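S.K.: here you go, sequence then predicted model.
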Amino acid sequence: MTTTSLPPRNAQEQARLDAALVDLFETRITFNQILGLKVASVKPGDVRARFDMRPELVGHYTYGRLHGGVISSVLDAMGGLTLMVAIAERHPHDDTQQVMHRFIKMGTIDLRVDFLRQGLGRHFVATAEVTRLGGRVGSTQMRLVNDEGTLIATAAAAYMIS
């Protein structure tokens with residue numbers, strides 16, 4: 001049996017994959033639309049998204065601060081996105097369709113959020129990084145900052161990835 005090495009994803013295919021990840025995250029996961037999440041980067045090691053503060057996201061009407069459920073949801077979504085990017089990087093020979101197929105069974109199995117400060121700001125930026133990528137489970141750490149760079153919350157999560 002002969003094993004041939006497939007060429008890695010070329011720049012055009014990587015651009016298609018990046019666009020598919022953004023479409024999945026911003027459009028096809030409709031809850032992310034409700035949150036107003038917009039992807040800023042899907043580069044390995046630099047996965048970021050942003051969302052604006054809106055009245056629909058307020059959790060405490062007196063202070064106008066972000067709802068804790070919004071914070072948790074955003075950080076959970078970011079953990080999933082960063083794992084998608086890492087899985088795509090782990091399989092550099094797969095085309096966009098093959099990579100996207102790998103996400104069918106992905107789901108959160110554990111999420112811990114630390115609320116550090118009140119969710120006040122005009123907009124927020126969420127980032128995430130993979131801490132472990134196994135064969136069946138992936139782990140991430142996430143951060144949420146406001147428009148002034150103040151750290152609002154951190155999170156750690158585990159996801160079923162296969």
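M.R.: It's in.
S.K.: C-alpha from now on. contacts and neighbour counts both.
M.R.: OK.
S.K.: tell me the bridge partners for Phe51.
M.R.: Note on Phe51: beta-bridge partners by DSSP bridges are Phe124.
S.K.: mind pulling the model confidence for it?
M.R.: On the pLDDT scale, Phe51 is placed at 98.
S.K.: for the host helix or strand of Gln98, give me every contacting residue.
M.R.: Here Gln98 sits within helix 96-101, counting by DSSP states H and E. Applying C-alpha atoms under 8 Å, 6 or more residues apart in numbering, the contact partners of helix 96-101 are 13-14, 16-17, 20-21, 87-88, 91.
S.K.: go again with 10 Å.
M.R.: The set of residues external to helix 96-101 that reach it, using C-alpha atoms under 10 Å, 6 or more residues apart in numbering, is 9, 13-21, 24, 84-85, 87-94.
S.K.: and it, what's its mean pLDDT?
M.R.: Averaged across helix 96-101, the pLDDT comes to 94.
S.K.: ok, now stretch 72-92?
M.R.: On average, stretch 72-92 scores 97.
S.K.: low-confidence stretches in this structure?
M.R.: Scanning the chain for pLDDT under 70 picks out 1-5.
S.K.: check it for its longest helix and report it.
M.R.: The single longest helix within the chain, with elements called by DSSP state H, is helix 68-90.
S.K.: CA atoms of stretch 49-67 as PDB?
M.R.: This file holds the C-alpha atoms of stretch 49-67, laid out as PDB (Å, rounded to 0.1, in the frame of the first residue of the first chain):
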ATOM      1  CA  ALA A  49     -15.100  38.600  17.600                       C
ATOM      2  CA  ARG A  50     -16.800  41.900  18.500                       C
ATOM      3  CA  PHE A  51     -20.300  43.000  19.300                       C
ATOM      4  CA  ASP A  52     -21.900  46.300  20.200                       C
ATOM      5  CA  MET A  53     -23.800  47.100  23.300                       C
ATOM      6  CA  ARG A  54     -27.500  47.300  22.600                       C
ATOM      7  CA  PRO A  55     -30.600  47.700  24.800                       C
ATOM      8  CA  GLU A  56     -31.600  44.100  24.100                       C
ATOM      9  CA  LEU A  57     -28.400  42.900  25.800                       C
ATOM     10  CA  VAL A  58     -28.800  44.800  29.100                       C
ATOM     11  CA  GLY A  59     -29.200  42.600  32.200                       C
ATOM     12  CA  HIS A  60     -29.500  45.300  34.800                       C
ATOM     13  CA  TYR A  61     -31.700  48.100  33.700                       C
ATOM     14  CA  THR A  62     -30.600  50.600  36.300                       C
ATOM     15  CA  TYR A  63     -27.000  50.400  35.400                       C
ATOM     16  CA  GLY A  64     -27.300  49.400  31.800                       C
ATOM     17  CA  ARG A  65     -24.800  46.700  32.100                       C
ATOM     18  CA  LEU A  66     -24.400  43.500  29.900                       C
ATOM     19  CA  HIS A  67     -26.500  40.500  30.900                       C
END
